[in-house]
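Participant: Next one to model:
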Amino acid sequence: MAEIFLDRVTKRFGRVEALRELTLRVREGELLVLLGPSGCGKSTALRIVAGLEAPTSGGVWIGGRRVDGVEPGDRDLAFVFQTYALYPHKTVAENLAFPLRVRKVSREEEEARVREVAALLGIGELLGRRPRELSGGQRQRVALGRAIVRRPRAFLMDEPLSNLDARLRVEMRSEIRRLQQRLGTTTVYVTHDQVEAMTLGDRVAVLRQGRLQQVGTPRQVYELPANRFVAGFVGSPPMNLLRIHVERTGDGAVLHVGDQALPWPAGCGVGPPPPGPLELGFRPHSARLGSGPGLGPLRARVEEREYLGGAVLLHLDAGGQRITVERPPEAREQPGEGVLLYLSPRELVGFDVATGERVWPAG
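Facilitator: Below is the predicted model:
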């Protein structure tokens, strides 16, 4: 295991800046997910750690040693690619053994490690097959096994599940998490899939246009997004953003939404947002319809209804602003119907209208 540290890493490809001043510490033994949309720089960051790309400026440390200029093969890292990258003419056993043969491991130890990893991944009966004879999930297990068999200081995984169907992605997600917890190997995992990020990561680092937006536990990123981008990118459906104006009144406050005035509930245990214009964020599942307690009532009208099996999504118009509310599957509200919303003060966040940064609650 080894800690990985990127210190103010910038990477330019001609005039394109893929990363800007990225500072990020991956703790020893943790699984950190780099999350963001396509083109945000997450794969570039991973390739810089691996030594497949050189930073334009900044430095990379692995296990306390600066590795700028160190060849990829000398960094003792295992890279799991999106495309499996198996040797088609070799058997599963030969693919698993290849990294050990490169390192001139004895034949006895090689055979023992291959059997151990095959048993760990449940592919012992596949050792004599070639990649073309395997399913996508089996190929990905072999790719993982080839990384594990080396016993590297860290795993680097670049969207390893993107070529699998939905059912296999769920299965392999659990497999990767189980293996990482059992092995305790430092892991950096790149994905654009927020479900993968939230279920796999000890921590999640969100990138946008080469810049780090937020790093924290999945719960921190979901409940207290650092800015408007993270609020909209993490969560499905995304966080609602309601444009309001806050007026302070003595010890309390009134929140104005269009022509509606919502008094801040006394005794709710949370101080009101700062005065002035604000974007109020709340998750679709945190709004209640019908009656309080909470901040409300906010009048709205149902515009669309989506039945998802385990839930119903209502898309509402609230004073000319569109918001989404999650309801149980037995909910009966229909398009055109008026509803009253109540919001839990403890589940609200506020963003600066101009910068998009979270300004409330603090911390």
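Participant: Give me the buried stretch members for the helix or strand hosting residue 173, please.
Facilitator: Assigned by DSSP states H and E, residue 173 falls within helix 166-183. For helix 166-183, a neighbour-count test (16 or more other C-beta atoms under 10 Å) marks 168, 169, 172, 173, 175, 176, 177, 179, 180 as buried. Backbone N, C-alpha and C define where each C-beta goes, glycine included.
Participant: burial of the closest residue to the first one other than its chain neighbours, as a residue count?
Facilitator: What sits nearest to residue 168 in space, not counting adjacent residues and going by C-beta to C-beta, 6 or more residues apart in numbering, is residue 137, at 4.6 Å. Here the count is done by other C-beta atoms under 10 Å, and residue 137 has 17 residues near it.
Participant: rewinding a little: could you dump the buried residues of helix 166-183 into TSV with pLDDT and distance to residue 254 added?
Facilitator: Output for the buried residues of helix 166-183, formatted as TSV (pLDDT from 0 to 100; distance: C-beta to C-beta, whole Å):
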residue	pLDDT	distance to residue 254
168	81	52
169	85	47
172	84	51
173	89	45
175	86	52
176	88	49
177	92	46
179	87	53
180	91	49
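Participant: Could you find which two of those residues are furthest from each other?
Facilitator: Between any two of the buried residues of helix 166-183, the greatest separation by C-beta to C-beta is 18.1 Å, found for 168 and 180.
Participant: How far off centre is the helix holding residue 173?
Facilitator: 15 Å (C-alpha atoms, centre = their mean, to the nearest Å).
Participant: now for that helix, which elements pack on it?
Facilitator: With contacts defined as 3 or more C-beta pairs under 8 Å, 6 or more residues apart in numbering; DSSP states H and E, the packing partners of helix 166-183 are helix 107-121, helix 136-148, helix 194-200.
Participant: Sort out which residues of the first one are buried, please.
Facilitator: Pointing back at helix 107-121 there. For helix 107-121, burial by neighbour count (16+ other C-beta under 10 Å) applies to 110, 113, 114, 117, 118, 120, 121.
Participant: so what's the nearest residue to residue 89 once chain neighbours are set aside up against?
Facilitator: Once flanking residues are discounted, residue 89 sits nearest to residue 130: 7.2 Å by C-beta to C-beta, 6+ apart. The neighbours of residue 130, taking C-beta atoms under 8 Å, 6 or more residues apart in numbering as the test, are 88, 89, 90, 91, 92.
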